[in-house]
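Chemist: what's the 3D shape of this:
(chains A, B, C and D)
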2 protein chains.
Amino acid sequence: MAEKQLRRSLAILPMSTVMALTDLSARQIRYYETQALVHPARNEGNRRRYSLNDVDRLLEVKDGLASGMDFATMRRLYAKTHQVESTQLESKRLSDERARHLLEAEMQQLAGMRPPQSGLQQRL
Amino acid sequence: MAEKQLRRSLAILPMSTVMALTDLSARQIRYYETQALVHPARNEGNRRRYSLNDVDRLLEVKDGLASGMDFATMRRLYAKTHQVESTQLESKRLSDERARHLLEAEMQQLAGMRPPQSGLQQRL
DNA sequence: TCTTTCGTGTCAGAACTTATGACATGAAAG
DNA sequence: CTTTCATGTCATAAGTTCTGACACGAAAGA
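Modeler: Just a heads-up that it's a prediction; the model follows:
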């Protein structure tokens, strides 16, 4: 299960994808970051790279806002979780090699029973 | 079930991520596409966007090559699968809104309880 | 052995995407 | 009436990806 968490923590999505997935504007997504509600990783070129967990968090923030909750509150709410996450990640130091294997495992599972794939909608 | 398939078909990854995940060069990835072994979607700006299924396929191709198989062979091998996929997909037309919900569900599951397992291939 | 074909590397120039910072604003809050 | 909040919108710089072209060692043919 440590695997699972790692998989979800892999920073693999660019801003455009996150925008499409959350229906939030780049401005909003970056703003929530200044509010310490998400902490995307950065690639070597300084571009943000989000994990599935990040997208999840953004959707929660979106919901929170919709229901009148303010950032300070949500920040407090996520505080503990945050620490845990970062602690785990820092002590892991995941290499691309390892990440690849985790992803493979992930896909294998998802592939379980299957009539495979192909590309569909382009937008996201 | 149909859900899972769709989720895995979401074109959400940029070239750089796929390169890191597969350890293949952009050149290789694009070449395999000219060989009709992968069919990434494109965003509005004409940038390739890969799905988890695409990454899966690329890893299979990589393995195939490593074990002396040639493209023509792999192409034939994947041919049938392809048709099925595209047929299904064309009749689906997924909206961003819907994709978002599917992704959420996906993440929920992943977050749930899942027994991972390494190793890949078979079915070849 | 000479000639293709393969699978990749690498370069160039154009086009697309994302980053940061600044100015602007309607809605709330004070 | 004046701030603060959450976003929109611009501008400029820099990172990323696209296509096409030239090159090349290795394998396959002739």
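Chemist: Now A:Arg42: closest residue in space, sequence neighbours ignored.
Modeler: Nearest non-adjacent residue to A:Arg42, counting by Cβ to Cβ, 6 or more residues apart in numbering or on different chains: A:Arg48, 6.0 Å away. Every C-beta, even on glycine, is put in place using the N, C-alpha and C of the backbone.
Chemist: Give me the pLDDT value at that neighbour.
Modeler: Looking at A:Arg48, its pLDDT reads 98.
Chemist: ok, so what distance separates A:Arg7 from DNA strand C?
Modeler: For A:Arg7, the distance to DNA strand C equals 22 Å [Cβ to the nearest atom of the strand, to the nearest Å].
Chemist: any idea which element that residue lies in?
Modeler: helix A:2-9 (DSSP states H and E).
Chemist: tell me the angle the helix or strand following that helix makes with helix B:15-22.
Modeler: Counting by DSSP H and E, the next helix or strand C-terminal to helix A:2-9 is helix A:15-22. Angle of helix A:15-22 versus helix B:15-22, following axes from the mean of the first three to the mean of the last three Cα atoms, to 10 degrees, is 90 degrees.
Chemist: what about the helix or strand just after helix A:15-22 and chain B, touching?
Modeler: The helix or strand immediately downstream of helix A:15-22 is helix A:26-34, counting by DSSP H and E. No. Judged by Cβ under 8 Å from any Cβ of the partner chain, helix A:26-34 stays clear of chain B, getting no closer than 14.0 Å.
Chemist: Pull out the buried positions in helix A:26-34.
Modeler: Going by neighbour count (16 or more other Cβ atoms under 10 Å in any protein chain shown), the buried part of helix A:26-34 is A:28-29, A:32.
Chemist: before we move on, the earlier item: what are the neighbouring residues in contact with the residue nearest to A:Arg42?
Modeler: If a contact means Cβ atoms under 8 Å, 6 or more residues apart in numbering or on different chains, then A:Arg48 has A:14-15, A:33, A:40-42 as its contacts.
Chemist: what's the answer for A:Arg57, then?
Modeler: By Cβ under 8 Å, 6+ apart, the contact set of A:Arg57 is A:37-38, A:78.
Chemist: let's see 6 Å
Modeler: The contact partners of A:Arg57, by Cβ atoms under 6 Å, 6 or more residues apart in numbering or on different chains, come to A:Val38.
Chemist: Need the three-state assignment for it.
Modeler: Under the three-state scheme (DSSP: H, G, I helix; E, B strand; the rest coil), A:Arg57 adopts helix.
Chemist: how close does it get to chain B?
Modeler: Distance of A:Arg57 to chain B, given as Cβ to the nearest Cβ, to the nearest Å: 10 Å.
Chemist: quick one on the thing from earlier: any of the contacts of A:Arg48 buried? List them.
Modeler: For the contacts of A:Arg48, buried by 16+ other Cβ under 10 Å: A:14-15, A:40.
Chemist: and which of those is nearest to DNA strand D?
Modeler: DNA strand D lies nearest to A:Pro14 out of the buried ones among the contacts of A:Arg48, by Cβ to the nearest atom of the strand, at 7.0 Å.
Chemist: List phi and psi for the residue nearest to that closest one when sequence neighbours are not counted.
Modeler: Sequence neighbours aside, B:Pro14 is the residue nearest to A:Pro14 in space, at 5.1 Å (criterion: Cβ to Cβ, 6+ apart). B:Pro14 adopts backbone torsions of phi -80, psi 160, taken as degrees, to the nearest 10.
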